[in-house]
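Student: Starting from these lines, generate the structure:
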Amino acid sequence: MINNYLCINNLVLSPFMSELDISLQLISGFLSSDEIKTLKSLHRSSNRKQADKINAILLLDQGYEYSEITKILLIAGS
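Tutor: Numbers count the residues shown, from 1 in each chain. Purely as a prediction, here's the structure:
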């Protein structure tokens, strides 16, 4: 599943993502309810770095932009 691939392989908030120039409004709502439940469950058992990545995926699904997510998660460079 591609959504899990994003989280597991550290692609969330990758520096390459800004080069894609994809409107995040077009991709919001990409997670199914089962995927959201799974990510929330994984979040509880994850280390902080992995938990932040899961949070980023959930925020992207809600339509937040990368710049907003970096501020919310207090990611360096924001």
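
Student: Next up, the contacts around residue 36.
Tutor: Residues near residue 36 by Cβ atoms under 8 Å, 6 or more residues apart in numbering: 58, 61. In short, each C-beta sits where N, CA and C put it, glycine included.

Student: Give me the distance between residue 52 and residue 58.
Tutor: Counting by Cβ to Cβ, to the nearest Å, the gap from residue 52 to residue 58 is 11 Å.

Student: Next up, phi/psi of residue 41, please.
Tutor: Main-chain dihedrals, residue 41, degrees, to the nearest 10: phi -70, psi -40.

Student: next one: residue 73
Tutor: Backbone geometry at residue 73, expressed as degrees, to the nearest 10, gives phi -90, psi 0.

Student: show me the contacts for it.
Tutor: 52, 55-56, 59.

Student: Let's see if you can find the most crowded of the residues you listed.
Tutor: Counting neighbours by other Cβ atoms under 10 Å, residue 56 leads those with 21 neighbours.

Student: Hmm, it is touching residue 69, no?
Tutor: Yes: contact status for residue 56 versus residue 69: in contact at 5.3 Å, counting by Cβ atoms under 8 Å.

Student: burial count for residue 54?
Tutor: By other Cβ under 10 Å, the residues close to residue 54 number 20.

Student: begin at 3 from here
Tutor: Sure, I'll start numbering at 3, so the last one becomes residue 56.

Student: tell me the contacts of it?
Tutor: The neighbourhood of residue 56, defined by Cβ under 8 Å, 6+ apart, consists of 9, 41-42, 44-45, 48.
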